[in-house]
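J.: sharing a sequence plus its predicted fold:
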Amino acid sequence: MASAIFLSRIFGLVRERVFADYFGISGVADAFRAAMRIPNVLQNLLGEGVLSASFIPVYAKLEALGEKEEAGRVAGAVFSILALVTAVLVLFGVLATPLLIDLIAPGFQDERRPLAIQLVRVFFPGVGFLVLSAWCIGVLNSHRRFFLAYISPVIWNLAIIGAMVAFGRTKDLNRLAYYTACGSVVGSVLQFLIQLPVVIRLAPALRLALHLASENVRTVIRNFGPVFVSRGVTQLSAFVDSILASKVGVGALAALTYAQLIYILPVSLFGMSVSVAELPAMSSVLGSESEVAGALHRRISDSTERIGFFVVPSAIGFLALGDVIAAAILQTGRFTQADAVAVWGILAGSAIGLVAATVGRLYSSAYYALRDTRTPLRYALIRVALTTILGYVFALPVPRLLGHPEWGTAGLTASYGMSAWLEFLLLRRGMSRRIGEIGFPKTYFVKLWASAVFAAAVAWAVKLALRPQHPILAGVLILTPYCVAYLGLTTLMGIDQGKNLWKRFVRRTESST
């Protein structure tokens, strides 16, 4: 799964680099980002995260018990309900687009507004297919077929890249934005179609029907409600970010989206990959209550250490070397060094809560495996409420008081990070009450933080000594010593993940020579 997510994210970064080359941090980029965000709400409300919490625990349990026919009926009923609800919401979204733009981007009182309206109406049908693709991912994950599920977005990325390259010669950025949105729709359809044949082969008992009589289907629907509300609250927070960013200034929303793309990379690779892989495994655990609790306890403890080993250096990297990372990935064409520095500030803010947000996904999966979707909802409500309050304060009044209103977007990510820590602590305390005390490996994480900070100092020494100008060359010369120093130090400190990776690195180096 990590390999598939890595490849998908790499193509996502290539997509963003091409987008930055053509659009930079401009008004058209703002309109495009806002337009994508509105229909993406549909994907987030009905897509993978919600289905993972409500559908996979039921379906995976039926598969583990050998009840293939009932599993097929449940999967078919969920698909039918999902397709019907999605079609209605897509139609509503297309008709209500002007109102939605005014809600999510009230700062668009110029030429960005009509462009955003046009683009939203293009995006909506494609996002409908992404929701159906999420259903495919749910079935594939339940059968432990992770690679196809998470490699399929590569097709979506390639379709968008192809549209930009094919029509990139036009000097009319509005038209290029329209063609890019059309490419997104084509990619969404292809992403769904490439998974469908494998899903049909894995679930031969699949029957498409609005079959609501089954208790298992009703269980999925009951579990769906709290997760849907939780996702809705989270999307409300994303809307608040868009509203506040639109008021910070032109280009702020685009810069925030660029930073979020980079920020989400370690979350997806090391948080989502572990938590998603653990969900069907934890859902399939059979035995007494104490045996299930013991299995969950072991999985959470082991996975927390695996996640931390990779996320801690990611957080320090964003904080200390965010300009190098942003420039290496995005600096080209209309995206300048100054833009990379602006994105660095936002990445530095996100570093505050990166570890908490990533490990928090693991704990949420444990709750979902126990068929408890209400507890994560309560904690999500607290997080979103706190993020909204802090986000407003740190995005608008405080930066203006300091005389730097452009710092507002960094304030948004910093406020999210603070709230993520509170949510993580609540999730961990609640789970400890369910399965027994879960000790946080403090000494282990102190070693990780110390290694990452020292490695960042090494990278800064290289940066000051060489001062490389080309962004990609700078990335290689500065980030490589950072990674090597971190890996070496964690190995010397006796951390198993570091020792294993170092052995692989040495073996590959020796084999290549």
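T.: Alright, I've got the coordinates.
J.: the helix or strand where Ala166 lies packs against which elements?
T.: Using DSSP states H and E, Ala166 sits within helix 153-167. Helix 153-167 sits against helix 2-23, helix 173-202, with contacts defined as 3 or more CB pairs under 8 Å, 6 or more residues apart in numbering; DSSP states H and E. The way it works is simple: take the backbone N, C-alpha and C, and place the C-beta from them, glycine included.
J.: give me the residues contacting that helix.
T.: Helix 153-167 is contacted from outside by 7-8, 11-12, 14-15, 18-19, 22, 130, 175-176, 179-180, 182-184, 186-188, 190-191, 194, using CB atoms under 8 Å, 6 or more residues apart in numbering.
J.: kindly recompute the last result at 6 Å.
T.: 8, 11-12, 15, 18, 22, 176, 179-180, 183-184, 186-187, 190-191 (CB atoms under 6 Å, 6 or more residues apart in numbering).
J.: what about these, which one has the most neighbours?
T.: Greatest neighbour count in those, by other CB atoms under 10 Å, goes to Thr180: 28 neighbours.
J.: what's the distance between that one and Gln118?
T.: Computed as CB to CB, to the nearest Å, the Thr180 to Gln118 distance reads 12 Å.
J.: the helices and strands packed on helix 153-167: lowest mean pLDDT?
T.: Confidence, taken as mean pLDDT, is least for helix 2-23 of the helices and strands packed on helix 153-167 (a mean of 84).
J.: now the angle from the very next helix or strand once past it to helix 2-23?
T.: For helix 2-23, the following helix or strand on the C-terminal side (DSSP H and E) is helix 27-46. Going by axes from the mean of the first three to the mean of the last three CA atoms, to 10 degrees, helix 27-46 is angled at 150 degrees with respect to helix 2-23.
J.: distance to Tyr486 for the helices and strands packed on helix 153-167 - can I get that in a markdown table?
T.: Below are the helices and strands packed on helix 153-167 laid out as a markdown table (distance: least, CB to CB, whole Å):
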| stretch | distance to Tyr486 |
| --- | --- |
| helix 2-23 | 18 |
| helix 173-202 | 35 |
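J.: tell me which of those lies nearest to Pro481.
T.: Closest to Pro481 of these is helix 2-23 (CB to CB; 21.4 Å).
J.: how about the closest one: buried residues?
T.: By neighbour count with 16 or more other CB atoms under 10 Å, helix 2-23 contains the buried residues 2, 4-9, 11-23.
J.: also stretch 475-487?
T.: Neighbour-count burial for stretch 475-487 flags 475, 477-479, 481-482, 485-487 (criterion: 16+ other CB under 10 Å).
J.: just for the stretch 251-400 of the chain, where's the confidence low?
T.: Along the stretch 251-400 of the chain, segments meeting pLDDT under 70 span 273, 276-289.
J.: hey, where'd the helices end up in it?
T.: Listed in chain order, the helices of the stretch 251-400 of the chain (DSSP state H, counting those that start in this stretch) span 252-266, 273-283, 289-330, 337-350, 354-369, 374-395, 397-402.
J.: out of the ones you listed, which comes closest to Gly126?
T.: Closest approach to Gly126 among those is made by helix 252-266 (17.8 Å; CB to CB).
J.: I'd say Asn391 and Tyr416 touch.
T.: Not Asn; residue 391 is Gly. No - Gly391 is not in contact with Tyr416 according to CB atoms under 6 Å; the separation is 7.2 Å.
J.: show me what the helix or strand hosting Ala452 is packed up against.
T.: Element membership of Ala452 [criterion: DSSP H and E] is helix 442-466. Applying 3 or more CB pairs under 6 Å, 6 or more residues apart in numbering; DSSP states H and E, we find helix 442-466 packed against helix 289-330, helix 471-492.
J.: closest to Met493 among the contacts of helix 153-167?
T.: Looking across the contacts of helix 153-167 and measuring by CB to CB, the closest to Met493 is Ser8, at 32.2 Å.
J.: the residue lying closest to the closest one once chain neighbours are set aside: how many residues sit nearby?
T.: Nearest residue to Ser8 in three dimensions, chain neighbours excluded: Pro153, at 4.6 Å (CB to CB, 6 or more residues apart in numbering). Using other CB under 10 Å, Pro153 has 22 neighbouring residues.
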